[in-house]
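**Student:** what's the 3D shape of this:
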Amino acid sequence: MSDVSAERPAAADPYAPVPLSRYTTLRLGGPAAGLVTAADEAAIVRAVAAEDPVLVLAGGSNVVIGDAGFPGTVVLVRSRGIEVVEESAGRVTVEVAAGEPWDDVVHTAVRRGWSGVECLSGVPGSAGATPIQNVGAYGQEVAETIASVRAYDRVLGDVVTMTPAECGFGYRASVFKRSSRWVVLSVRFRLAVDGRSAPVRYAELARVLGVAVGDRVPLEDARRAVLALRAGKGMVLDPDDRDTWSVGSFFTNPVLDAAAFAAFRERTGDEEPTSWPAPDGVVKVSAAWLIDRAGFTKGYLGADGGAGGVAVSGKHALALTNRGAGSTAALLRLAREIRDGVRDRFGVTLHPEPVLIGCGV
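**Tutor:** Have a look, this model is predicted:
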């Protein structure tokens, strides 16, 4: 599977300006003042300890970089390795280097009969990015299987091992996401040794598999179904498909308390929104449903009629795409138009999911 994280710097001089569009799935982003490749943990630590300001970039799948680029050094994480570090009755603990392409990790797990991440098949980016975002899809989140995260603490100047509690996992969030303090070096995953998937939680996936929610299926079947679902929504990287030139879901699903959800329902009338109950009495509402019902349907070109070279994906309302001649500024104008339109229609404010570097919505 194509992965932007496999790209190498084109310039021999690490301090020659290089367009960061080469290293993001959006194919957008201006130049960095410098670019360094770090192929192992020691190189990563040396690079981030020596450079300031520094931006750590691996798969480039969950980041939006401004057209002006980054004024410091970008460290490209290219470490590799998947190692079994502990086995016990029915369980295995696997340590994965931060730069390992994530779908390669899932493929390895499925092939070896390790259950717990199969529904995260096809998610682009690197293994080290998964705890930062608390990556989740089709009823699974990595927080459920992460045993620990090894990271370089730039404040202490030391390598630390962090427990799941210390990682502060939340919905598409962690202590790592909006902080430059920690640089993820490797992640340990605790997986079940079982040729069957974890219980299928996601109704759409269950329908495709022809099973009931809560059933289990062979790992290969789960992976195949997830990849097909993601591909149909333009969520599997394909250099020839402009609908995949995106960061995946641009907005997170809003989480509303009871009062906010009641006010929202008054605006939807007789139409039942796509939503899911969550702990503590809150309700998660589908951002894709909100975007579509606010008039920003698949393929929407923006108020400028597509002159900015960006558009809503033709396959999924949550993905904002670069059609090949776009700019970050144009993409963010489209994001603001959608955010404001949803707020005006439903009284709900959408928030971006990717990390924004040198730009804002």
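**Student:** Helices along this protein, start to end?
**Tutor:** For the chain, the helices defined by DSSP state H occupy 41-50, 102-111, 130-133, 164-167, 203-209, 219-232, 258-268, 287-293, 328-346.
**Student:** What is the third one packed up against?
**Tutor:** With contacts defined as 3 or more CB pairs under 8 Å, 6 or more residues apart in numbering; DSSP states H and E, the secondary structure elements packing on helix 130-133 are strand 146-153, strand 182-193. All C-beta atoms are positioned from the backbone trio N, CA, C, and that covers glycine.
**Student:** Need the ones you listed in TSV (columns: mean pLDDT).
**Tutor:** Listed next are the helices and strands packed on helix 130-133 as TSV, based on pLDDT from 0 to 100:
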stretch	mean pLDDT
strand 146-153	98
strand 182-193	98
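**Student:** With respect to residue 281, which of the helices of the chain lies nearest?
**Tutor:** helix 258-268 (5.5 Å; CB to CB).
**Student:** List the buried residues for the closest one?
**Tutor:** 260, 261, 264, 265, 268 (16 or more other CB atoms under 10 Å).
**Student:** which other residues reach stretch 232-240?
**Tutor:** Under the contact criterion CB atoms under 8 Å, 6 or more residues apart in numbering, stretch 232-240 has outside partners 1-4, 25, 61, 122, 124, 227, 230-231, 241, 243-244, 246, 248, 313-316, 319, 321.
**Student:** The nearest residue to residue 212 once chain neighbours are set aside and residue 179: what is the separation?
**Tutor:** Nearest residue to residue 212, sequence neighbours excluded (CB to CB, 6 or more residues apart in numbering): residue 206, at 6.3 Å. Distance, residue 206 to residue 179, by CB to CB, to the nearest Å: 37 Å.
**Student:** And the two? Which one has more around it.
**Tutor:** Shown here are residue 206 and residue 179; by other CB atoms under 10 Å, residue 206 has more neighbours (20 against 11).
**Student:** Could I get the pLDDT score of the more buried one?
**Tutor:** Per-residue confidence for residue 206 comes out at a pLDDT of 98.
**Student:** List the contacts of it.
**Tutor:** 200, 212, 213, 215.
**Student:** Pipe the residues you listed into a markdown table and attach pLDDT and neighbour count per row.
**Tutor:** A markdown table is the format used below for the contacts of residue 206 (pLDDT from 0 to 100; neighbours: other CB atoms under 10 Å):
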| residue | pLDDT | neighbour count |
| --- | --- | --- |
| 200 | 98 | 25 |
| 212 | 98 | 11 |
| 213 | 97 | 13 |
| 215 | 98 | 13 |
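**Student:** Tell me how far residue 173 lies from residue 184.
**Tutor:** Distance from residue 173 to residue 184, by CB to CB: 15 Å.
**Student:** Between the two, point out the one with more neighbours.
**Tutor:** More crowded of residue 173 and residue 184, by other CB under 10 Å: residue 184, with 27 against 17.
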